[in-house]
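**Student:** with the input below, show me the fold.
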Amino acid sequence: MEPLSPIALGFLGSLAAGSLTAVGAVPVLFGRIPSRATRDLLLGFAAGVMLAASFFSLIIPALDAAEGQFDNGALPAAIVCVAILLGMGAVALTNERLPHEHFKTGREGPDSASLRRVWLFIIAITIHNFPEGLAVGVGFGADGLSGGLPLAIGIGLQNAPEGLAVAVSLLGEGYSRRRAWGIAALTGLVEPLGGLLGAGIISISQPLLPWGLAFAAGAMLYVISHEIIPETHRSGHQNRATLGLAVGLVIMLFLDVWLG
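**Tutor:** Sure, this is the predicted structure:
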């Protein structure tokens, strides 16, 4: 049996990671919804996983790849820095241009009042989940199983509390339990699209490797700073959120060293 191509691995890995969004939302189907403090702890864990993945699984390999192409010096660092800023800017621009709705601050973007609330939620989570799938795909495209597996596991771990947060927020807006779970599950399905794109670009053109890795890292860093951490601190549970971030960071670091 022939081994799977990096593109197939990127798609399947990001599909598996995205599917854990649905798993994380399962408690809303049975009425066992964790407290707000526990949800902030879990979202802090998600932020820690993404933060560690950004640096240890994306930025450091991007620097190594750039140094392999251009030797040591200022150019590899400059490439990675520019790509990080491009990744953050791309998500920021998408966040600004597309109509969407945050769970607490309300609607943003042009013509948002004309869209049904459910689609505003879906667009918002799509903006945030696509970079995660992109990162997993880039990891598989760069180094195959060893490069993508730690990222897929880490992103999958942090998708579970994100899925729960989405479902609980929709439940609070009056959606039924099944509908809240279904929408949360669907938001994770955008990740395979990002995974397919990331793995495909890197597989086609190796010179784009440092750019793709660092771009994916920048996209994830924007999501951490703009959405996840503010959400965990909004209800006054900063200590729990910080504890979750610390645990998520060290677990992802351990997985990256062990599996990578």
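
**Student:** pLDDT below threshold where in the chain?
**Tutor:** Across the chain, the ranges flagged by pLDDT under 70 are 1-2, 98-128, 173, 260.

**Student:** all helices for it, in order.
**Tutor:** For the chain, applying DSSP state H gives helices covering 6-24, 27-30, 36-52, 60-70, 74-97, 117-172, 177-187, 191-204, 209-223, 229-233, 238-259.

**Student:** need the ones you listed in a markdown table with mean neighbour count, can you?
**Tutor:** Any C-beta I mention is one placed from the backbone N, CA and C, and that applies to glycine too. Shown next, in a markdown table, are those (neighbours: other C-beta atoms under 10 Å):
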| stretch | mean neighbour count |
| --- | --- |
| helix 6-24 | 24 |
| helix 27-30 | 16 |
| helix 36-52 | 24 |
| helix 60-70 | 18 |
| helix 74-97 | 17 |
| helix 117-172 | 25 |
| helix 177-187 | 20 |
| helix 191-204 | 24 |
| helix 209-223 | 27 |
| helix 229-233 | 19 |
| helix 238-259 | 18 |
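
**Student:** got the contact list for the spatially most central residue of the chain?
**Tutor:** Among the residues of the chain, the one closest to the centroid is Glu132, at 3.1 Å (C-alpha atoms, centre = their mean). By C-beta atoms under 8 Å, 6 or more residues apart in numbering, the residues touching Glu132 are Ser14, Ala17, Gly18, Met50, Ile155, Asn159, Glu191, Gly194, Met220, Val223.

**Student:** can you check Ala135 too?
**Tutor:** Ala53, Ser54, Ser57, Leu58, Leu151, Ile155, Gly194, Gly198, Ala216, Ala217, Ala219, Met220.

**Student:** now it: closest residue in space, sequence neighbours ignored.
**Tutor:** Leaving aside its sequence neighbours, Ala135 sits nearest to Ala216 (C-beta to C-beta, 6 or more residues apart in numbering; 3.9 Å).

**Student:** residues in contact with the one you found?
**Tutor:** By C-beta under 8 Å, 6+ apart, the residues touching Ala216 are Leu58, Gly87, Pro131, Leu134, Ala135, Val138, Gly198.

**Student:** of these, closest to Ala8?
**Tutor:** Gly198 (13.0 Å; C-beta to C-beta).

**Student:** just give the nearest non-adjacent residue to Leu255, would you?
**Tutor:** Per C-beta to C-beta, 6+ apart, closest to Leu255 is Pro150, 5.0 Å.

**Student:** ok so, going back, save the contacts of Ala216 as a markdown table, and put in distance to Pro76 too.
**Tutor:** Listed next are these as a markdown table, based on distance: C-beta to C-beta, whole Å:
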| residue | distance to Pro76 |
| --- | --- |
| Leu58 | 15 |
| Gly87 | 17 |
| Pro131 | 23 |
| Leu134 | 21 |
| Ala135 | 20 |
| Val138 | 17 |
| Gly198 | 21 |
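
**Student:** residue contacts, Ala77?
**Tutor:** Contacts of Ala77 were listed using C-beta under 8 Å, 6+ apart, and they are Leu63, Ala66.

**Student:** heads up, I number from 14, so please use that
**Tutor:** In the new count, where the first residue is 14, that last one comes out as Ala90.

**Student:** measure it to Leu222 for me?
**Tutor:** Per C-beta to C-beta, to the nearest Å, Ala90 is found 15 Å from Leu222.
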